[in-house]
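K.L.:
Pasting a predicted model and its sequence here:
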Amino acid sequence: MPYNSCMKMTMFIDDALLERVMAATGAASKTAAIDLALREIDRRSELKRLAAKGLGLSAAELRETFDPAYDLNTLRKSEGPVKYGRRTNTRR
């Protein structure tokens, strides 16, 4: 993720909810948990959009398109950490 697309902000987030998300996902930090949650909602909304658009597949064909071994948490962890923070000035 490019640094220029990140921003620092103050938010009020339910502490208990955030702790549950961190425990459920194995996120090592609050930032990682929020990043993971946002990416998951984005992924789900894209799937809904595609499904609503109509893929021209039967229900059986749709079921066959997903790997039964699909595990979102494993996939997310394999993406590696997202780096946050200030960019260093490389133009000197």
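P.N.:
Now that the structure is in, tell me what you want to look at.
K.L.:
what about D67, is that helix, strand or coil?
P.N.:
coil (DSSP: H, G, I helix; E, B strand; the rest coil).
K.L.:
For it, give its distance to S58.
P.N.:
For D67, the distance to S58 equals 18 Å [CB to CB, to the nearest Å]. Using the backbone N, CA and C atoms, a C-beta is placed for each residue, glycine as well.
K.L.:
For the longest helix along the chain, which helices and strands make contact with it?
P.N.:
Ordering each helix of the chain by length in residues (DSSP state H) puts helix 30-53 first. Packing contacts for helix 30-53, counted by 3 or more CB pairs under 8 Å, 6 or more residues apart in numbering; DSSP states H and E, involve helix 15-25, helix 72-78.
K.L.:
K48: which of the ones you listed is closest?
P.N.:
Set against K48 and scored by CB to CB, the helices and strands packed on helix 30-53 come closest in helix 72-78, at 15.8 Å.
K.L.:
Tell me which other helices or strands that closest one touches.
P.N.:
If you count contacts as 3+ CB pairs under 8 Å, 6+ apart, helix 72-78 packs onto helix 30-53.
K.L.:
Buried residues in the helix it packs on, which are they?
P.N.:
A32, A33, I34, D35, L36, A37 (16 or more other CB atoms under 10 Å).
K.L.:
how much does that helix deviate in direction from helix 15-25?
P.N.:
70 degrees (axes from the mean of the first three to the mean of the last three CA atoms, to 10 degrees).
K.L.:
Tell me which residues of the lowest-mean-pLDDT helix or strand in the chain come out buried.
P.N.:
Least confident element among the helices and strands of the chain, by mean pLDDT, DSSP states H and E: helix 72-78 (a mean of 76). Applying a neighbour-count criterion of 16+ other CB under 10 Å, one finds R76 buried in helix 72-78.
K.L.:
which residues touch it?
P.N.:
With CB atoms under 8 Å, 6 or more residues apart in numbering as the test, helix 72-78 has contacts from T25, G26, L36, R39, E40.
K.L.:
ok now it, how far from the chain's centre?
P.N.:
Its chain's C-alpha centre and that of helix 72-78 lie 10 Å apart, by CA atoms, centre = their mean, to the nearest Å.
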